[in-house]
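A.B. asks: have a look; sequence and predicted model below, questions after that.
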Amino acid sequence: MIDQLSREERMQLLRFVCSFAWADLEVRDQERKVVEKLIQKFHLDPDEADEVHRLLTHPPSPEDIDPQDIPVEHREIFLDAVRAIIYSDGEISPIEAESFELLDQLIR
């Protein structure tokens, strides 16, 4: 299903994923690995990959991650990707759980 995303939707998804990696104020190695796998899976060009790498050093701005901008037909894909990042380090912080629940409520 991820193959159905346009280039911009893929970047949007990665901004959301990176924002959740930052939810507990620390991007862990396991979270970086998930993002790297997505970069490879999406065949991002070097500029796009650089943008995503910057999001792992500085979180995306809130206006770049508006849940209402997620296309209805792709919302489940976004939730699955965000779920993967928050479960990746084996530790779900209360803020990650709360943020995910809020995202889920906002887009369903």
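C.D. replies: Okay, I see it.
A.B. asks: can you tell me the SS state at the spatially most central residue of the chain?
C.D. replies: What sits nearest the mean C-alpha location of the chain, by Cα atoms, centre = their mean, is residue 17, with 1.1 Å. Using DSSP: H, G, I helix; E, B strand; the rest coil, the structure places residue 17 in helix.
A.B. asks: what's near enough to touch it?
C.D. replies: Listed by Cβ atoms under 8 Å, 6 or more residues apart in numbering, the contact set of residue 17 reads 34, 35, 38, 81, 82, 84, 85. All C-beta atoms are positioned from the backbone trio N, CA, C, and that covers glycine.
A.B. asks: kindly report the same for residue 86.
C.D. replies: 20, 23, 92, 96, 97, 100.
A.B. asks: surely residue 35 touches residue 52?
C.D. replies: Yes. Judged on Cβ atoms under 8 Å, residue 35 makes contact with residue 52 at a distance of 6.4 Å.
A.B. asks: shared neighbours of those two, anything?
C.D. replies: What both residue 35 and residue 52 touch, as defined by Cβ under 8 Å, 6+ apart, is the set 14, 18.
A.B. asks: distance of the residue in the chain sticking out farthest from the centre from residue 53?
C.D. replies: With distances taken as Cα atoms, centre = their mean, the residue sitting farthest from the centre of the chain turns out to be residue 46, at 18.5 Å. Separation of residue 46 from residue 53 (Cβ to Cβ, to the nearest Å) stands at 10 Å.
A.B. asks: now residue 90
C.D. replies: In terms of Cβ to Cβ, residue 90 sits 23 Å off from residue 53.
A.B. asks: mind checking which of the two has more residues around it?
C.D. replies: residue 53 (14 against 7; other Cβ atoms under 10 Å).
A.B. asks: host element of the more buried one?
C.D. replies: helix 46-55 (DSSP states H and E).
A.B. asks: can you pull the buried residues of the next helix-or-strand element following that helix?
C.D. replies: Following helix 46-55 in sequence order, the next helix or strand is helix 75-87 (DSSP H and E). Neighbour-count burial for helix 75-87 flags 75, 77, 78, 79, 81, 82, 84, 85, 86 (criterion: 16 or more other Cβ atoms under 10 Å).
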